[in-house]
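Asker: need a structure here:
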Amino acid sequence: MKNFVVKTIANAGALAVAVWLLDKITLTGDSTGKKIGTLIVVALLFGLVNFVVKPIVKLLSLPLLILTLGLFTLIVNALMLLLTSWLADTVDLSFHVEGFWTAVLGGLIISIVSWALNLALPDGD
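Answerer: Residues are numbered from 1 along each chain as shown. Model (predicted):
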């Protein structure tokens with residue numbers, strides 16, 4: 001359970017960095033508390049999408065992953081971020097990613113920051 005909480009916090013932090021760095025990834029809210037709550041819910045959605053959908057997409061795109069020596073993973077990450085944005089819009093959260101190339105850059109930022117935060121935060125094992 002502790003590992004799940006740590007990964008969710010790392011994802012929320014990575015999403016916050018992407019929102020801060022990229023103008024076309026938006027997070028709106030009345031107060032800082034609402035923004036933090038929205039980030040945590042979006043991080044949960046992002047984790048769920050990465051847990052359920054991403055393995056299926058990676059399996060189906062395995063030939064492209066092999067052909068591009070793994071660089072197609074950037075596209076897969078962008079698609080997962082766009083799916084998370086669509087789900088957030090569906091459940092009326094104030095998180096939006098505008099455009100495919102913004103999602104590619106945002107996915108790259110989120111991957112790097114999440115990796116660094118997962119190294120820095122304890123994992124509970």
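Asker: Who are the contact partners of Val104?
Answerer: Going by C-beta atoms under 8 Å, 6 or more residues apart in numbering, Val104 touches Leu74, Ile75, Asn77, Ala78. Just so you know, the C-beta spots here come from the backbone N, C-alpha and C atoms, and that holds for glycine as well.
Asker: Are we agreed that Leu69 is in a strand?
Answerer: No. Applying DSSP: H, G, I helix; E, B strand; the rest coil, one finds Leu69 to be coil, outside a strand.
Asker: can you give me the helices in the protein?
Answerer: 2-21, 32-60, 62-67, 72-90, 100-120 (DSSP state H).
Asker: what is the rounded mean pLDDT of the third one?
Answerer: Mean pLDDT, helix 62-67: 95.
Asker: related to what we said a few turns ago, for the contacts of Val104, which two are the farthest from each other?
Answerer: Maximum pairwise distance in the contacts of Val104, criterion C-beta to C-beta, is 7.3 Å, between Ile75 and Asn77.
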